[in-house]
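Visitor: when you get a sec, could you give me coordinates for this:
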Amino acid sequence: MYRASQVRDVTAEGLAKAAAAVPRIKGRRHLMAVLAAIAAGSESDLETHALLHVFNTAKFAHVLRQHWVKVGDNRFRLDMYDPLSMTAVELDGSDHGRPQQRQRDITRDAKLLTIGIATLRFSNADARQRGAWVRQVTAEVFDSRS
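Guide: A predicted model of the protein is given here:
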């Protein structure tokens, strides 16, 4: 569903409408929650998990998801962005552990900081196993930078 939505083969709204027309779907509640998360900007299972289980409080209602930022000649898409504190939150899946990707992340974070945007990075394990901690740290950073 994520990939089909990203390449614009389907929309989350279109899938939800199609699901509504089917009388019985095993796991309908979960399917509809995932489709709502995709409509809100989730592009992976990790981002959906974070939206539904970590950043699911009023404190994060104003956060922009999949927000584009231009820094010089570069454009970066931020998983989450708090415009009040100028903080990006990145949820790093398994590919971010590769040395080449890690170097790209370091360079990107440095470039973002040149325009005042600080980046918080959380691993897949952090978001899934320490969600309350991720939520608390993020809220504290937002508050301290606002």
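
Visitor: can you map out the strands along this structure?
Guide: Ranges of strands in the chain, per DSSP state E, are 64-71, 74-82, 87-92, 118-123.

Visitor: got those as CSV, with mean pLDDT, mean neighbour count and distance to Ala21 columns?
Guide: In short, each C-beta sits where N, CA and C put it, glycine included. Below are those laid out as CSV (pLDDT from 0 to 100; neighbours: other Cβ atoms under 10 Å; distance: least, Cβ to Cβ, whole Å):
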stretch, mean pLDDT, mean neighbour count, distance to Ala21
strand 64-71, 94, 15, 28
strand 74-82, 96, 18, 32
strand 87-92, 94, 22, 33
strand 118-123, 96, 18, 37
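
Visitor: distance to Pro23 for these - can I get that in a markdown table?
Guide: Shown next, in a markdown table, are these (distance: least, Cβ to Cβ, whole Å):
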| stretch | distance to Pro23 |
| --- | --- |
| strand 64-71 | 32 |
| strand 74-82 | 36 |
| strand 87-92 | 35 |
| strand 118-123 | 39 |
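
Visitor: least confident secondary structure element in the protein?
Guide: Using mean pLDDT, DSSP states H and E, helix 2-6 stands out as the lowest-scoring helix or strand of the chain, at a mean of 64.

Visitor: my guess is Leu112 contacts Val71. True?
Guide: Yes: using Cβ atoms under 8 Å, Leu112 is in contact with Val71, at 6.2 Å.

Visitor: just for this protein, where's the confidence low?
Guide: 2-8, 94-97 (pLDDT under 70).

Visitor: now with 80, please.
Guide: 1-19, 30-31, 33-38, 40-41, 43, 93-98 (pLDDT under 80).

Visitor: neighbours of Gly14, just the number please.
Guide: Neighbours of Gly14 under the rule other Cβ atoms under 10 Å: 13.

Visitor: so how far is Arg77 from it?
Guide: 23 Å (Cβ to Cβ, to the nearest Å).

Visitor: so where do the helices sit in the protein?
Guide: Assigned by DSSP state H, the chain shows helices spanning 2-6, 12-20, 28-39, 45-49, 99-113, 124-129, 131-145.

Visitor: tell me the spacing between the closest residue to Ala36 other than its chain neighbours and Arg130.
Guide: If the residues on either side of it in the chain are set aside, Ala36 comes closest to Ala12, at 7.2 Å by Cβ to Cβ, 6 or more residues apart in numbering. Going from Ala12 to Arg130 by Cβ to Cβ gives 28 Å.

Visitor: perfect, I'm done here.
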